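*Asks:* got a predicted model here, sequence first, then my questions.
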Amino acid sequence: MNDKVKAFYIDDESLKLLGEILSNKTGRLMFRLLSEKEYYTNELANKLKITVSLTIHHLKKLEELELVEIKNKKIIPNGIKRRFFKIKSEIFISKSTREKSEEKELWQRIFREDVLQL
């Protein structure tokens with residue numbers, strides 16, 4: 001894996017927020033689209049056929065979980081700056097609790113990277 005792994009433990013409140021995102025069709029589709037390529041807000045709203053405000057609502061949840069990478073880019077030819085979003089992390093959900101630090105060390109060795117925690 002070439003990016004950090006985001007670990008969610010069964011006792012994390014953040015797992016509830018991830019569940020909320022993935023529990024509806026729009027959230028799952030947004031997650032899938034952002035996993036495949038970068039989108040800016042209006043472009044994503046148009047692709048999903050939802051309002052910009054609802055798109056922003058979902059993106060804020062993903063930002064809160066630190067699952068999206070945000071880049072500011074200029075769009076040529078009009079030169080307007082846009083914020084582009086893309087899913088940045090692999091997700092791992094553990095059935096153990098956060099306090100089992102020895103398990104975290106095991107996953108770090110397996111993935112050969114730091115396992116991020118919320």
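*Replies:* Ah, there it is.
*Asks:* where does the protein have low pLDDT?
*Replies:* 1-4, 76, 94, 96-118 (pLDDT under 70).
*Asks:* mind listing the strands for it?
*Replies:* Ranges of strands in the chain, per DSSP state E, are 5-9, 39-40, 68-75, 80-87, 90-94, 115-117.
*Asks:* and the second one, how far out from the chain's middle?
*Replies:* What that stands for is strand 39-40. How far strand 39-40 lies from its chain's middle: 14 Å, per Cα atoms, centre = their mean, to the nearest Å.
*Asks:* tell me what that strand is packed against?
*Replies:* In terms of contacts (3 or more Cβ pairs under 8 Å, 6 or more residues apart in numbering; DSSP states H and E), strand 39-40 is packed against strand 80-87. To be clear about C-beta, it is placed using only N, CA and C from the backbone, and glycine gets the same treatment.
*Asks:* using CSV, write out every CA atom in the strand it packs on.
*Replies:* Extracted in CSV, the C-alpha atoms of strand 80-87 (Å, rounded to 0.1, in the frame of the first residue of the first chain):
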residue,chain,number,x,y,z
ILE,A,80,-10.5,29.7,-11.3
LYS,A,81,-9.1,28.0,-8.2
ARG,A,82,-11.1,24.9,-7.0
ARG,A,83,-10.6,22.5,-4.1
PHE,A,84,-10.3,19.0,-5.4
PHE,A,85,-11.1,16.0,-3.1
LYS,A,86,-9.9,12.4,-3.2
ILE,A,87,-10.0,9.5,-0.8
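*Asks:* in that strand, what's buried?
*Replies:* Buried positions in strand 80-87, judged by neighbour count with 16 or more other Cβ atoms under 10 Å: Arg82, Phe84, Phe85, Lys86, Ile87.
*Asks:* that one pairs with which strands, and in what direction?
*Replies:* Strand 80-87 pairs in its sheet with strand 39-40 (antiparallel), strand 68-75 (antiparallel), by DSSP bridges.
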